[in-house]
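Chemist: Sharing a model prediction with you, sequence too.
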Amino acid sequence: MIVDEEEFHHLNNPADGIKPIVKKYLGIPTHAEQAGNKIFFTDGDAKVEVTVVTNEIIRIRLAPHSVFLEEFSYAVPKLPQKAVKFTLVENEQEFRVSTSEVNCHIRKQDFFISFSDKNDHVTSADAAPMHWEENTQFGGYYVFCTKTCEPQESFFGLGDKATEFNLRGKRLKNWNTDAYSFGFNQDPLYRSIPFYISVSDNIAHGIFFDNTFKAHFDFGAEDSTKTSFWADGGELQYYYIHGPHMMDVVKNYHLLTGTHPMPPLWALGYHQCRWSYYPENKVRVIANGFRQNRIPCDGIYLDIDYMDGYRCFTWSPKYFPNPKKMIADLAANGFKTVVIIDPGIRVDDNYSVFKEGKEKKYFCRRCDDYFMEGHVWPGRCQFPDFTNPEVREWWGDLFDDLVETGVAGVWNDMNEPAVFGSGTFPDDVRHQYDGYRGSHRKAHNVYGMQMVRATYEGLRKQMKNKRPFTITRAGYSGVQRYSSVWTGDNVASWEHLKLGNIQLQRLSVSGISFCGTDIGGFSGEPDGELFTRWIQMGTFSPFMRAHSAGDTKEREPWSFGEPFTSINRKFIELRYRLIPYLYSAFWEHHRYGFPILRPVVMQEQEVASNHFRQDEFTYGDKILICPVLEPGQKSRKVYLPKGTWYDFWNLETIEGGREITVPTPLDQLPIFVKAGSVIPEYPVMQYTGEKEIEEVKLNIYYSDYEVNSFLFEDYGETFAYEQDIYLEKKFVVKGDADKLAIKQTMEGLYTPRYEGYHIKLNGLPFKPTKIIADGKEIPTINSNPDKTYEFKFSKNFKQIEIFK
Ligand code: GLC
């Protein structure tokens with residue numbers, strides 16, 4: 001057909017030719033095409049990629065017009081590489097991709113995708129085909145996935161959300177936000193962890209929606225029969241992670257996004273922070289206060305006032321004229337110094353960091369090439385583009401002076417990024433994004449993670465073989481590979497103590513085990529009771545730091561007088577006694593992907609009421625804690641999972657699987673130890689490494705069923721563990737009516753310096769008459785009035801038998 005020009009123009013009249021923008025849904029899958037571990041399905045226009053990652057993990061990606069984005073993820077640096085056997089079958093109804101554990105069904109009638117386990121039990125099913133809507137302003141698409149929500153389905157995860165532990169019925173958003181004094185149900189907060197766990201019919205699965213744009217999750221809020229997740233851009237890309245247990249899901253999420261490296265041992269001690277301790281003399285007074293009060297402490301923090309006009313990498317000549325000397329003196333007194341570093345670099349041509357960043361074009365720019373400028377503590381600032389590997393390298397090298405000055409750890413704050421007034425960067429700011437380019441819409445949620453990555457990698461380089469300590473406020477999935485986190489600017493209230501308890505459990509099941517709250521609450525004034533109850537909970541937070549805002553009264557563990565000082569000391573001492581136990585739990589996290597804090601539902605997901613419990617948790621897998629979360633509480637209910645438990649304080653045994661009421665005097669926190677546990681203990685020290693360890697105490701809790709415990713030991717400050725220089729000890733405890741046996745096996749190349757164990761037997765149902773250790777009889781057994789027994793033996797024992 002020949003069209004004359006006039007008609008042609010008419011045909012292209014924009015008003016006539018453009019269809020309204022509507023959501024588009026996948027059509028009907030016509031065929032499947034396999035390439036290695038990927039299978040592609042198409043409806044003729046859109047394409048779906050199904051990747052078999054492992055037997056338990058399947059990844060789904062959608063390309064609305066058949067063109068996938070380049071594969072790149074800050075969360076998953078590399079997919080697991082082991083080849084997995086799978087089958088692809090087609091019948092009249094569906095295509096089915098099956099591994100040994102999971103089937104992924106692609107329904108022919110409507111492109112619905114569902115997953116089932118090897119018993120053909122459907123665990124996750126689309127309630128609509130994947131869909132998208134064109135974004136005319138920025139390009140790309142809003143992308144959506146809608147799945148069914150079963151009446152009994154529960155949801156967990158998503159990082160630091162300040163709401164109930166079970167997310168059923170909630171709609172939440174991921175967009176890193178500086179949320180000073182956030183309230184209950186406020187959303188979003190500082191971190192974006194687009195990973196959730198569903199438990200339905202006692203089968204758990206996880207969805208990791210690896211999309212860095214602003215993302216949304218709806219767990220049956222809008223429509224109680226639907227679960228949806230969607231994002232304002234990027235690719236619809238998610239991992240289905242099979243259980244059947246919550247623990248399996250979390251371990252496999254760690255397999256994708258990594259775990260925390262082993263921390264330096266001192267980082268597990270007590271840390272004291274404030275905005276700010278200055279001048280230098282104030283820092284010394286605080287440090288001496290710990291030693292005079294005999295309250296252990298390992299870390300002291302310098303908040304923004306240590307700098308010269310809040311310029312990062314400088315020292316205030318007025319307040320800290322000789323930082324090297326001060327840090328050395330603190331170190332001689334057993335303190336590690338941690339300093340804050342924010343991303344905002346003061347616009348000041350006489351300031352070397354700004355000058356260099358400007359010359360090298362390392363600061364973020366707006367779409368029209370203007371610099372991204374905004375006000376933060378130093379005044380007008382520009383901000384490094386941490387998504388550029390060259391900038392990360394430069395940033396990492398900036399730490400050389402701080403390391404040389406003796407700084408042991410770095411605290412990255414305000415990295416959502418936070419900007420006064422506007423909240424954060426405008427959407428049009430450009431980022432290098434490791435060569436994959438993007439606006440701030442795409443880079444916002446990873447900005448903080450890339451900042452702390454640069455910090456961590458820089459410190460690791462500068463500190464040679466020593467483990468750096470880092471802490472960050474903002475993060476995205478995978479941030480645990482570089483840093484610990486704290487929950488940001490909380491409030492000195494009982495409600496926040498409760499919230500903190502939930503947030504830490506939630507962070508732990510979301511990949512971020514090394515977490516803590518600002519003990520005492522950042523803003524507002526706690527009274528002695530609240531502070532002490534918070535110290536008690538903090539004793540069992542993987543990261544333990546008190547912090548407070550500048551406009552509050554001073555808040556050290558002795559600030560409230562007696563009886564609080566003594567109780568705070570008692571708990572901080574308990575923290576130090578249990579360091580080898582926490583360190584071993586850390587190893588289990590690092591090496592095997594177990595979270596350090598484990599909510600009760602993770603222990604017994606089959607018990608429906610546990611899906612709504614959020615107070616109790618275990619610290620590692622042997623010690624159950626139930627913080628006291630109300631003022632004036634004289635007793636409280638505690639649920640103990642099935643099995644036998646020991647009351648830590650009086651050694652009474654209790655059968656679990658039920659709620660009990662326990663007294664909660666101010667100097668006690670409900671603590672229970674699993675029967676059969678071996679809990680290692682160090683002597684109390686004023687700081688880690690104060691004294692050479694002469695012996696390790698093993699607290700053994702009798703059990704009539706077999707229980708395994710672990711103890712991890714190494715140098716505590718180097719990366720030698722990566723070369724297998726560590727010792728992983730396994731204890732197996734099993735008793736009967738007239739005997740208790742403890743076996744020990746070891747793996748690894750490290751030799752601890754101490755010679756022996758001090759063994760304490762708790763809860764023996766008989767009086768021991770004879771103890772045989774590796775064939776030799778133990779000559780001296782001390783019996784205590786509480787029917788515990790103590791003796792000493794070599795750390796290398798293989799088997800100890802205790803006879804009636
Ligand atoms: C932010 C941080 C807080 C810090 C303050 C000053 O509010 O969250 O921890 O003390 O900035 O640096």
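Modeler: Great, that's in hand.

Chemist: So for I21, what pLDDT did the model give?
Modeler: On pLDDT, I21 comes in at 85.

Chemist: what do you get for the one 3 residues further on?
Modeler: As predicted, K24 sits at a pLDDT of 97.

Chemist: thinking it is in contact with M130, fair?
Modeler: No: using C-beta atoms under 8 Å as the test, K24 is too far from M130 to be in contact (9.9 Å). For glycine as for every other residue, the C-beta is placed from the backbone atoms N, C-alpha and C.

Chemist: more crowded one of the two?
Modeler: M130 (23 against 17; other C-beta atoms under 10 Å).

Chemist: list the contacts for that one?
Modeler: When contacts are counted by C-beta atoms under 8 Å, 6 or more residues apart in numbering, M130 touches 25-26, 48, 60, 62, 111, 113, 143-145, 236.

Chemist: Output the below-cut-off pLDDT ranges for the protein.
Modeler: 1-17 (pLDDT under 70).

Chemist: ok, whichever residue of the chain sits closest to the ligand - contacts?
Modeler: Residue nearest to the ligand within the chain (C-beta to the nearest ligand atom): W275, separated by 3.6 Å. Listed by C-beta under 8 Å, 6+ apart, the contact partners of W275 are 303-305, 547-550.

Chemist: returning to what we had before: list only buried entries from the contacts of M130.
Modeler: Among the contacts of M130, the ones that count as buried by 16 or more other C-beta atoms under 10 Å are 26, 48, 60, 62, 111, 113, 143-145, 236.

Chemist: How about the residues of the stretch 201-350 of the chain by the ligand?
Modeler: Residues of the stretch 201-350 of the chain found near the ligand (C-beta under 6 Å from any ligand atom) are 275, 303-304, 340.

Chemist: Just the ones in strands from the contacts of M130, please.
Modeler: Among the contacts of M130, the members found in strands (DSSP state E) are 25, 48, 60, 62, 113, 143-145, 236.

Chemist: re the thing from before, quick one: the residue of the chain closest to the ligand from W534, how far?
Modeler: 17 Å (C-beta to C-beta, to the nearest Å).

Chemist: swap in L189?
Modeler: Taking C-beta to C-beta, one finds L189 at 19 Å from W534.

Chemist: With R191 instead?
Modeler: 21 Å.

Chemist: now do A204
Modeler: Using C-beta to C-beta, A204 is found at 31 Å from W534.

Chemist: Just give the nearest non-adjacent residue to the residue most central in space within the chain, would you?
Modeler: Nearest residue to the geometric centre of the chain (C-alpha atoms, centre = their mean): I512, 0.9 Å. Nearest residue to I512, sequence neighbours excluded (C-beta to C-beta, 6 or more residues apart in numbering): Q480, at 5.1 Å.

Chemist: which phi and psi does E393 have?
Modeler: phi -60, psi -50 (degrees, to the nearest 10).

Chemist: Now do the contacts for it.
Modeler: E393 touches 454, 458, counting by C-beta under 8 Å, 6+ apart.

Chemist: And for G516?
Modeler: By C-beta under 8 Å, 6+ apart, G516 lies in contact with 484, 486-487, 504, 538, 541-545.

Chemist: at 6 Å what do you get?
Modeler: 486, 541, 543-545 (C-beta atoms under 6 Å, 6 or more residues apart in numbering).

Chemist: tell me which of these is nearest to R658?
Modeler: Closest approach between the contacts of G516 and R658, by C-beta to C-beta: S541, at 26.7 Å.

Chemist: Which element, helix or strand, includes the closest one?
Modeler: Under the criterion DSSP states H and E, no helix or strand holds S541.

Chemist: is the closest residue to it other than its chain neighbours in a bridge, and if so with what?
Modeler: Nearest residue to S541, sequence neighbours excluded (C-beta to C-beta, 6+ apart): G516, at 4.3 Å. Here G516 sits in beta bridges with W486, as judged by DSSP bridges.

Chemist: how near is G516 to H431?
Modeler: When distance is defined by C-beta to C-beta, G516 is 30 Å away from H431.

Chemist: for the chain, what spans make up the helices?
Modeler: For the chain, the helices defined by DSSP state H occupy 5-11, 14-17, 246-257, 280-292, 323-332, 352-359, 389-397, 400-405, 440-462, 494-509, 528-539, 564-577, 579-592, 600-603.

Chemist: what about those, which gets the closest to F138?
Modeler: Evaluated over the helices of the chain, closeness to F138 peaks at helix 440-462, with 6.6 Å, by C-beta to C-beta.

Chemist: What's the PyMOL line that selects buried ones from the residues of the stretch 201-350 of the chain next to the ligand?
Modeler: Paste this into PyMOL to select the buried members of these, with burial taken from 16+ other C-beta under 10 Å:
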select buried, resi 275+303+304+340
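
Chemist: Out of the residues of the stretch 201-350 of the chain next to the ligand, which sit inside strands?
Modeler: Mapping those onto strands (DSSP E) picks out I340.

Chemist: one step back: of the contacts of W275, which is the nearest to T87?
Modeler: For those, the minimum distance to T87 (C-beta to C-beta) is 54.2 Å, reached by H547.

Chemist: Who are the contact partners of that closest one?
Modeler: H547 neighbours (C-beta under 6 Å, 6+ apart): 273, 518, 522.

Chemist: Any chance of JSON lines for the ones in strands among the contacts of M130, columns distance to F86?
Modeler: Output for the ones in strands among the contacts of M130, formatted as JSON lines (distance: C-beta to C-beta, whole Å):
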{"residue": "Y25", "distance to F86": "27"}
{"residue": "V48", "distance to F86": "16"}
{"residue": "I60", "distance to F86": "14"}
{"residue": "L62", "distance to F86": "20"}
{"residue": "I113", "distance to F86": "16"}
{"residue": "V143", "distance to F86": "26"}
{"residue": "F144", "distance to F86": "27"}
{"residue": "C145", "distance to F86": "22"}
{"residue": "L236", "distance to F86": "22"}
